[in-house]
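# curious how this folds, go ahead:
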Amino acid sequence: MKFRAQKEHLIPEKLLKIAKEIRAAGGRAFLVGGVVRDFLLEESNEARDFDIEVYSINQEKLLEILSRHGKPNLIGKVFGVIHLARHGIHYDFSFPRTESKTGVGHRAFDVQTNPNLSFEEAAKRRDFTINAMGMELPNLELVDPYNGSKDLENKILRHVSGAFAEDSLRVLRGVQFAARFELKAAKETIELCKTLSLTDLSRERIEEEFRKWLLKGAKPSCGLEFFCEVGLQKMFPEISLEGNLGNILDSLAKHRDKLASQDAEAIMFAGLLCLPSAKNARVLDFLKRWVPVNFLLKKVPALLSSLSLLNLSNENDLRKCALKAGGLKLPAILQSAIKSNAEIYNEAKKIGKEMQIWTSAPEPFITGQMLLDMGLKPGPQLGQIIKQVFEMQLNGEIKNKEEAVSFANATLPLLP
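Next up is the predicted model:
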């Protein structure tokens, strides 16, 4: 199968030239990895990172060829990875290799490079068929020994071989791939994943896959379906599987890409942990164990606890909601998803903008500097007045700066 002609302009001329020189030297070069899959999905526009597997020539010859095009850097001596960067584009050249499990853990593998392997044999070590394809350069021929293109077309996530079981991280990779490309796992892949334990994985690797699932998934519910089918709820009991969690995550994903990055992270992790049995203590347990990022540890529990104050008929509650969550926008997005009611978001947006608390917390009408200017000396009284005035502001008893100043002036003579 040959890629359509318009794909050629997506591959840098520099890479095509290098591939021609590799072929002239008796070798073969294959573009591998996610970029091949993305070409088939029509999702790749201007890739900046390319992985190339080189066959039938040795490392010395490859270095000689690459040296004509820049300064190659041997960055993975064990894996034989050679990095070349040109004009902001990064190329990683490697040789086909075999891997065999030697112990416990994601890195416990004996790796042997072998430029004389066939593409089919080398691709057998990859995780899923959709990632086991290659594009031979420079002629743009698709090489697909495990029918990954057919699985991609049929929306199926299928493991390549029994070697899948040697790396338990692949189970979580299945979650994020299912979410990103809206795939349903093959029955045999589900059964194999059920036999694997994730206890050998580091917290960092687990966090990375959760982030890809929630922050890159076009349809996170597909990832959740795989998550449930392979029994991952046993390892992550803080995630409640009641009700319509998949629909909630899909609804949040529609807002996600329009939000600032930290808000997007907070809303997606809050959504994952939002259902009734996920009480605040369990939310914190999950975050501390798997995603111990300071702003998430603060923002996610605050966002979830603010939902009870999103009372659209009570401005006092709304001010307190905005104070907890830094505005009404994120609670409104989350509550609309939980209730499957877009009108909650629309009405909250209208009210929040009128009250000037849609994207920010209410600002105190009175500050410490204002009290100092009014003649109050520094001390505990300063904080007491600010706190009292702000509470009255949140409760609607003080409606503007003038009323706050008037209240403070009346209070000053009564202070000891």
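# so E120 sits against G134, correct?
No - between E120 and G134 there is no contact under Cβ atoms under 8 Å: 10.0 Å. Where you see a C-beta, it was placed from the backbone N, CA and C, and this is true even at glycine.
# K258 versus the residue nearest to L312 when sequence neighbours are not counted, what's the distance?
Excluding the flanking residues, the one nearest L312 by Cβ to Cβ, 6 or more residues apart in numbering is E347, at 5.4 Å. Distance, E347 to K258, using Cβ to Cβ, to the nearest Å: 19 Å.
# what is the neighbour count of the residue nearest to L312?
15 (other Cβ atoms under 10 Å).
# equivalent analysis for D127, please.
Neighbourhood size, D127 [other Cβ under 10 Å]: 21.
# now do Y55
By the criterion of other Cβ under 10 Å, Y55 has 21 neighbours.
# hmm, it is touching G27, no?
Yes - Y55 is within contact range of G27, at 6.1 Å (criterion: Cβ under 8 Å).
# overlap in contacts, these two.
Common neighbours of Y55 and G27 are listed as P115 (criterion: Cβ atoms under 8 Å, 6 or more residues apart in numbering).
# ok so, going back, so E120 and G134 - more neighbours on which side?
When neighbours are counted by other Cβ under 10 Å, E120 and G134 differ, and G134 comes out ahead with 26 against 13.
# next, give phi and psi for that one.
Backbone torsions of G134, given as degrees, to the nearest 10, read phi -140, psi 160.
# same deal with P96?
The phi/psi pair for P96 (degrees, to the nearest 10) reads phi -60, psi 150.
# who's in contact with it?
Contacts of P96 (Cβ under 8 Å, 6+ apart): 53, 55, 113-115, 117, 119, 121-122.
# which residue packs closest to it, ignoring adjacent ones?
A122 (3.4 Å).
# okay, and that neighbour sits in which element?
helix 119-123 (DSSP states H and E).
# tell me which helix or strand comes right after that helix.
strand 134-137.
# any buried residues in the helix or strand that comes right after that following strand, and which?
Per DSSP H and E, the first helix or strand lying C-terminal to strand 134-137 is strand 141-143. Of all the residues in strand 141-143, those buried under the rule 16 or more other Cβ atoms under 10 Å are 142-143.
# list the helices and strands strand 141-143 packs on?
strand 134-137 (3 or more Cβ pairs under 8 Å, 6 or more residues apart in numbering; DSSP states H and E).
# so how far is the strand it packs on off the chain centroid?
29 Å (Cα atoms, centre = their mean, to the nearest Å).
# mind telling me what element the residue nearest to L312 is part of?
Element membership of E347, judged by DSSP H and E, is helix 342-354.
# give me the contact list for the helix or strand following that helix.
Later in the chain than helix 342-354, the nearest helix or strand by DSSP H and E is helix 368-373. Residues outside helix 368-373 that contact it (Cβ under 8 Å, 6+ apart): 378, 382-383, 385-386, 405, 408.
# of all these, which two lie farthest apart?
Spatially, the most separated pair among the contacts of helix 368-373 is P378 and V405, at 18.6 Å (Cβ to Cβ).
# can you give me the end-to-end span of stretch 208-225?
Length of stretch 208-225, first residue to last, Cα to Cα, to the nearest Å: 19 Å.
# now that stretch: buried residues?
Buried, per 16+ other Cβ under 10 Å, within stretch 208-225: 209-217, 219-225.
# so which of these belong to helices?
209-216, 220-225 (DSSP state H).
# which of the residues you listed sits closest to A281?
Closest approach to A281 among those (Cβ to Cβ): F210, at 19.7 Å.
# neighbours around the residue nearest to D144 when sequence neighbours are not counted, how many?
In space, and not counting its chain neighbours, D144 is closest to M133: 4.8 Å by Cβ to Cβ, 6+ apart. By the criterion of other Cβ under 10 Å, M133 has 28 neighbours.
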